[in-house]
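**Q** Sequence plus predicted model, see below.
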There are 2 protein chains.
Amino acid sequence: MQLGKPRAERADARRNRLRLLEVAREMMAEHGTANVTMDSLAERAGLGKGTVFRRFGTRAGIFKALLDEEAHRFQEQVISGPPPLGPGAGPVERLIAYGRVRIEFLIANLAVAQAAMERDIRAPAVEVDMTQMHLRMLLGQADLDVPDLDILATQLSAALEGPLLLYLASAPPVETLDAEPARRLADGWQTLVERLFGIDAPRGTEGDAPQR
Amino acid sequence: MQLGKPRAERADARRNRLRLLEVAREMMAEHGTANVTMDSLAERAGLGKGTVFRRFGTRAGIFKALLDEEAHRFQEQVISGPPPLGPGAGPVERLIAYGRVRIEFLIANLAVAQAAMERDIRAPAVEVDMTQMHLRMLLGQADLDVPDLDILATQLSAALEGPLLLYLASAPPVETLDAEPARRLADGWQTLVERLFGIDAPRGTEGDAPQR
DNA sequence: AGTCTAAACGGACTTTACCCCGCTTATATT
DNA sequence: AATATAAGCGGGGTAAAGTCCGTTTAGACT
């Protein structure tokens, strides 16, 4: 079948892509995601509108790209960082850790994450795939007596990301978010996972939760 | 603080609202949700575009309204129908039943549900409130040793609705969906809830699931 | 029946994402 | 260096959502 190599990104293309991301960040910093329109972005970057679309395909694509840059660091931690997030800890512990950090990450980048979903819900959206695959892997490692692990992974990833991206992100186009809902969500996630695995609330004795 | 009654809907307003919904249904039946544009809808209904927006506020609003009509029947079943969906059964049983029926409902109306979310994620979306509140209530009735029931309800409703509305609804703007994912999702939901409540899989004896 | 007013109506206007396609250019090959 | 060509570029064009505001009308009250 042999499909030839993707023929590396051309130098000008790369330059423009980076410039556009840079300018997008600037514009966001100034007036939030809302005012980053394709026209204004192109103009301010000194490029044609067509170029913007060629580079990112869609408006949401820009924010996805922005998010990916961040997500990449995070992903490295997960793959080869120290436990409990990285390998080394038990799967349940890693599940919990993953969720907590992911929630933190999403909250820190809420505006971008929202913008990355806006319009066309469909499409893998915000790195959901990554979460789903990782959960699936950890669920496989923990030996859980559940018939359909794929579905469970899907449901859990929805439980993890959904509240932030959908429910919690209501009303005004959120730009920032304080720490309390973050803690509630993270604790909720932990409880959910623990109960799923039949761990009955390590409450009281353990000095488990000053958590910050 | 007496805020006067909302001053019932005017006759012409009601007539036009119903007509628009009717026409929208027709157009959907012919070419799917995609071709229901505000302009064409208005024109075909013989009304001005302004009227359409006045009645529904936004494109998604039309589909929400369409969904509500259906959801209303469903809601009645939940509130005063026979168990296990309606009152009379235990809370865990009702949780499971609710999820199963809700999944069925969403799959049956997937295209509309998707359209009801498209653009501006924010806003309570697709009757999520109803699901969330109902789950919250049932969780309260089951005495579950969990600190934050609100969060749990949110997470569960995401786990219930999310997969359908987001992940599963990928690729081509879905118009219909076959029965298999429905069963997997429903079974997955049941398993999830059972494990949450520490019920260890009523497998084997019960004629519950030839599972394919 | 006549009057009044909040509500509804209509459609031109604005904004924005996204498409198209002729022109330009980086880069591999000779 | 010259050439070929796939990739990139630009910006005018289209479609669709959503806004505005002057005009019309239902229906309450007299």
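**A** Done, it's in. Residues are numbered from 1 along each chain as shown, chains lettered A, B, ... in the order given.

**Q** When you work out contacts or count neighbours from here on, use the C-alpha atoms and nothing else.
**A** Will do.

**Q** Remind me which helix or strand A:A153 belongs to.
**A** Counting by DSSP states H and E, the element that carries A:A153 is helix A:149-162.

**Q** quick one: that helix near chain B?
**A** Yes - Helix A:149-162 comes into contact with chain B (C-alpha under 8 Å from any C-alpha of the partner chain), by way of A:I151, A:L152, A:T154, A:Q155, A:L156, A:S157, A:A158, A:A159, A:L160, A:G162.

**Q** List the buried residues of whichever helix or strand comes after that helix.
**A** Heading C-terminal from helix A:149-162, the first helix or strand you meet, by DSSP H and E, is helix A:179-196. The neighbour-count check on helix A:179-196 (16 or more other C-alpha atoms under 10 Å in any protein chain shown) flags A:182-196 as buried.

**Q** Please, where are all the helices along chain A?
**A** A:11-31, A:38-45, A:49-56, A:59-80, A:91-108, A:110-117, A:128-141, A:149-162, A:179-196 (DSSP state H).

**Q** Could you tell me how many residues sit around the residue in chain A positioned nearest to DNA strand D?
**A** Using C-alpha to the nearest atom of the strand, the closest approach of chain A to DNA strand D is made by A:G50 at 3.0 Å. The number of residues packed near A:G50 is 12, by other C-alpha atoms under 10 Å in any protein chain shown.

**Q** Give me the pLDDT value at it.
**A** Here the pLDDT value assigned to A:G50 is 97.

**Q** picking up where we left off before, of the residues of helix A:149-162 next to chain B, which is the nearest to DNA strand C?
**A** A:G162 (21.8 Å).

**Q** Isn't the closest one up against B:E161?
**A** No - using C-alpha atoms under 8 Å, A:G162 is not in contact with B:E161, being 9.2 Å away.

**Q** so what sits against both of these two?
**A** By C-alpha atoms under 8 Å, 6 or more residues apart in numbering or on different chains, A:G162 and B:E161 have no common neighbours.

**Q** do the worst-scoring helix or strand of chain A on mean pLDDT and DNA strand D meet at all?
**A** Least confident element among the helices and strands of chain A, by mean pLDDT, DSSP states H and E: helix A:110-117 (a mean of 88). No - Helix A:110-117 does not reach DNA strand D (C-alpha under 7 Å from any atom of the strand); its nearest approach is 14.5 Å.

**Q** ok now that helix, how far from the chain's centre?
**A** Averaged C-alpha coordinates place helix A:110-117 at 10 Å from its chain's average position (C-alpha atoms, centre = their mean, to the nearest Å).

**Q** wait, isn't A:G86 in contact with A:S80?
**A** Yes - using C-alpha under 8 Å, A:G86 is in contact with A:S80, at 5.5 Å.

**Q** which of the two has more neighbours?
**A** When neighbours are counted by other C-alpha under 10 Å, A:G86 and A:S80 differ, and A:G86 comes out ahead with 18 against 12.

**Q** For that one, which residues are in contact?
**A** A:G86 touches A:Q77, A:V78, A:I79, A:S80, A:R94, counting by C-alpha under 8 Å, 6+ apart.

**Q** Mind doing that once more with 6 Å?
**A** Contact analysis of A:G86 by C-alpha atoms under 6 Å, 6 or more residues apart in numbering or on different chains lists A:V78, A:I79, A:S80.

**Q** do the same with A:L196
**A** B:R195, B:L196.

**Q** measure it to B:E104 for me?
**A** 24 Å (C-alpha to C-alpha, to the nearest Å).

**Q** what does A:T37 give?
**A** A:T37 is 39 Å from B:E104, by C-alpha to C-alpha.

**Q** what about these two, which has more around it?
**A** B:E104 (17 against 13).
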